[in-house]
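Peer 1: Here you go, sequence then predicted model.
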Amino acid sequence: MTIYNQIKKDSQIWKFCFYGLLKNLRFFEPYLWIYLLSLGLNLFKIGLLFSIKEIITYIFEIPSGIFADNYGRKKELMICFTFYIISFVLFFIGTNFYLLSLAMIFFGLGEAFRSGTHKAMIYSYLEQKEWFEYKTFVYGRTRSFSLIGSSISAFLSIIFVLNLPTIRWIFLLCIVPYILDFLLIWSYPNSLDERRKTSLSIAEFLKQIPIQLKSIFTNKLLTKVLLSSSLYNGIFKTIKDYIQPILKSTLLVFTISYFNDFNKDAIMKIYLGIIYGVFYIFSSIASRNVYRLNNKYNSSKLMNIFFDIMGIACFALFAAIKNNFTIIIIIIFFILYLLKDARRPLVVAVCGDNMSKHERATVMSVDSQLKSLFSIVLAPLFGYIADKYSIYALFLFIGIFIIVINRFLYLHTKNPD
């Protein structure tokens, strides 16, 4: 039996996979804005609710990683899913801005406590099994299940939103997979908890924050990896916001004649659900199979190449948008999705080779927070360029920016992959 088959049959690896699948069964995500609007909230209040979530996540992102590294990763994930479940209940019963704000606070805490912790547990398990060199294969496999979960969620959400009495019932349905995920984490071996402190001391906890951050950012190679990862994801997140309206308008033009019995909103719900479901399926395949490339080229080199391809794709988007080639735009968007989800296992592999085992959850939290920071900075900058010049000129600028910045973030390390 090959080592790959051993990994595939390992029961704990299967638990890691199903964790990601269950976690991504967020049936409400495509319709959260619609739900909030149906409650009579204006756009300002809705924007404020999302800001509350982002602020809470941003504030607790790094402290939660340090908490996990010092006081137990398994415990932190169980706390994380408790926060999520509370938020879903509050979304279900919430009819005013204050209850919904509380729901967003708990959801933001769940996001902060989740990021990075599970990846750190995967690293630990691979070390215990002496499979650490296969981390790209393992993480690509577990991430593929997460994307399958997103695909299932996209398809099921269409059925739910068209058949439930009101959208609010979707939040109750989301509680079921999250309770299952809570129980799944509870079943993880205690050896993955890796608690370093026997008792919780607020003073000691606060003292650890600058110490661990200094340790991470004095590692020049790791810092470069984190900047490359977070900038890539931050740019993708911003690009997505500009392509989605084009995708929606294209779908409406091409499909409205086939669904005369439905209104325009129903058509959007159906087709966007299908499109993203298909995107996630192919992204899952890309994530699961990127290790095959990794067997020929090291992770660092592939990270560099994928970033450059994103820049080239932006040049192609510049030409496609300028000439109204909508099908080409959708194809490029599809390719960008594949690249993003294939690149992530490579980032995890390079980080794993260059960080301390006692800082893993913290490093992954730093990566997530930097992505948020870049999104905050880039969104208004890109918006200004799009307003002053044009959307297609924006993609020309982004393409040039990526090609130039990647020369400074180029990774020359040799890792064992």
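Peer 2: Right, received. Where do you want to start?
Peer 1: Correct me if wrong: Asn24 contacts Ser144.
Peer 2: No - counting by C-beta atoms under 8 Å, Asn24 stays clear of Ser144, with 11.3 Å between them. Where C-beta positions appear, they are placed from N, C-alpha and C, glycine not excepted.
Peer 1: Name the nearest residue to Asp69, ignoring sequence neighbours.
Peer 2: Spatial nearest neighbour of Asp69, chain neighbours left out: Ala361 (4.9 Å); criterion: C-beta to C-beta, 6 or more residues apart in numbering.
Peer 1: helices or strands up against the host helix or strand of that neighbour?
Peer 2: Ala361 is located in helix 360-388, with elements delineated by DSSP states H and E. Helices and strands touching helix 360-388, by 3 or more C-beta pairs under 8 Å, 6 or more residues apart in numbering; DSSP states H and E, are helix 43-71, helix 117-128, helix 202-217, helix 220-255, helix 326-354, helix 391-408.
Peer 1: of those, which approaches Leu192 most closely?
Peer 2: Smallest distance to Leu192 across these (C-beta to C-beta): 4.7 Å, for helix 117-128.
Peer 1: which strands and helices sit next to the closest one?
Peer 2: Counting by 3+ C-beta pairs under 8 Å, 6+ apart, helix 117-128 packs on helix 11-23, helix 43-71, helix 73-93, helix 135-163, helix 360-388.
Peer 1: Pipe these into a markdown table and attach mean neighbour count and mean pLDDT per row.
Peer 2: As requested, these are arranged in a markdown table below (neighbours: other C-beta atoms under 10 Å; pLDDT from 0 to 100):
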| stretch | mean neighbour count | mean pLDDT |
| --- | --- | --- |
| helix 11-23 | 19 | 95 |
| helix 43-71 | 19 | 82 |
| helix 73-93 | 21 | 94 |
| helix 135-163 | 22 | 88 |
| helix 360-388 | 19 | 81 |
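Peer 1: Ok, which of those helices comes nearest Ser230?
Peer 2: Taking the helices and strands packed on helix 117-128 one by one with C-beta to C-beta, helix 360-388 is closest: 3.5 Å.
Peer 1: so how far is that closest one from its chain's centroid?
Peer 2: 13 Å (C-alpha atoms, centre = their mean, to the nearest Å).
Peer 1: And Phe306, how close does it get to Lys340?
Peer 2: From Phe306 across to Lys340, the span is 9 Å (C-beta to C-beta, to the nearest Å).
Peer 1: okay, and the common contacts of those two?
Peer 2: Any residue near both Phe306 and Lys340 by C-beta atoms under 8 Å, 6 or more residues apart in numbering counts here, and that gives Tyr232.
Peer 1: Could you tell me which residues make contact with His118?
Peer 2: 16, 19-20, 73, 77.
Peer 1: Tell me which two in the residues you listed are the farthest apart.
Peer 2: The widest separation within the contacts of His118 (C-beta to C-beta) is 15.6 Å, between Gly20 and Arg73.
Peer 1: measure Ile85 to Phe182 for me?
Peer 2: Counting by C-beta to C-beta - Ile85 and Phe182 are separated by 7 Å.
Peer 1: Check His358 too.
Peer 2: 26 Å.
Peer 1: higher neighbour count, the two?
Peer 2: Phe182 (18 against 14; other C-beta atoms under 10 Å).
Peer 1: Wait, the more buried one touches Phe83, no?
Peer 2: No - between Phe182 and Phe83 there is no contact under C-beta under 8 Å: 10.8 Å.
Peer 1: Can you say which of the helices and strands packed on helix 117-128 is nearest to Ala320?
Peer 2: Short answer: helix 360-388, nearest of the helices and strands packed on helix 117-128 by C-beta to C-beta, at 15.5 Å.
Peer 1: Between helix 391-408 and the closest one, find me the angle.
Peer 2: 140 degrees (axes from the mean of the first three to the mean of the last three C-alpha atoms, to 10 degrees).
Peer 1: can you start the count at 150 instead of 1 from here on
Peer 2: Sure, I'll start numbering at 150, so the last one becomes helix 509-537.
Peer 1: For this structure, give me the ranges with low pLDDT.
Peer 2: Of all residues in the chain, those with pLDDT under 70 make up the ranges 150, 343-358, 360-361, 364, 390, 393-394, 396-418, 421, 562-566.
Peer 1: For Arg175, the count of nearby residues, please.
Peer 2: With other C-beta under 10 Å as criterion, Arg175 counts 20.
Peer 1: which SS state does it fall under?
Peer 2: Using DSSP: H, G, I helix; E, B strand; the rest coil, the structure places Arg175 in coil.
Peer 1: In contact with it: list those residues for me.
Peer 2: Neighbours of Arg175 in contact, by C-beta under 8 Å, 6+ apart: 302, 323.
Peer 1: run the last query once more with 6 Å
Peer 2: By C-beta atoms under 6 Å, 6 or more residues apart in numbering, the residues touching Arg175 are Ser302.
Peer 1: same check, this time on the one 4 residues further on
Peer 2: With contacts taken as C-beta under 6 Å, 6+ apart, Pro179 has the following neighbours: Ser306.
Peer 1: any idea how far it is from Ile419?
Peer 2: Note on Pro179: its distance to Ile419, by C-beta to C-beta, is 11 Å.
Peer 1: ditto for Leu311
Peer 2: To Ile419, Leu311 is 8 Å away according to C-beta to C-beta.
Peer 1: What of Ser517?
Peer 2: 32 Å.
Peer 1: Excluding sequence neighbours, find me the nearest residue to Leu305.
Peer 2: Phe176 (6.0 Å).
Peer 1: doesn't Phe304 make contact with the one you found?
Peer 2: No - in this structure, Phe176 is not within contact of Phe304 by C-beta atoms under 6 Å, at 10.0 Å.
Peer 1: Span of stretch 273-284 from start to end?
Peer 2: End-to-end distance for stretch 273-284: 11 Å, by C-alpha to C-alpha, to the nearest Å.
Peer 1: hang on, the earlier thing: from Phe167, how far off is the residue nearest to Leu305?
Peer 2: Taking C-beta to C-beta, one finds Phe176 at 17 Å from Phe167.
Peer 1: Same question for Ser448.
Peer 2: The spacing between Ser448 and Phe167, counted by C-beta to C-beta, is 25 Å.
Peer 1: any idea whether Glu279 is helix, strand or coil?
Peer 2: Taking three-state DSSP, the label given to Glu279 is coil.
Peer 1: Next, give phi and psi for Tyr560.
Peer 2: Let me fix one detail, which is that residue 560 is Leu and not Tyr. phi -100, psi 120 (degrees, to the nearest 10).
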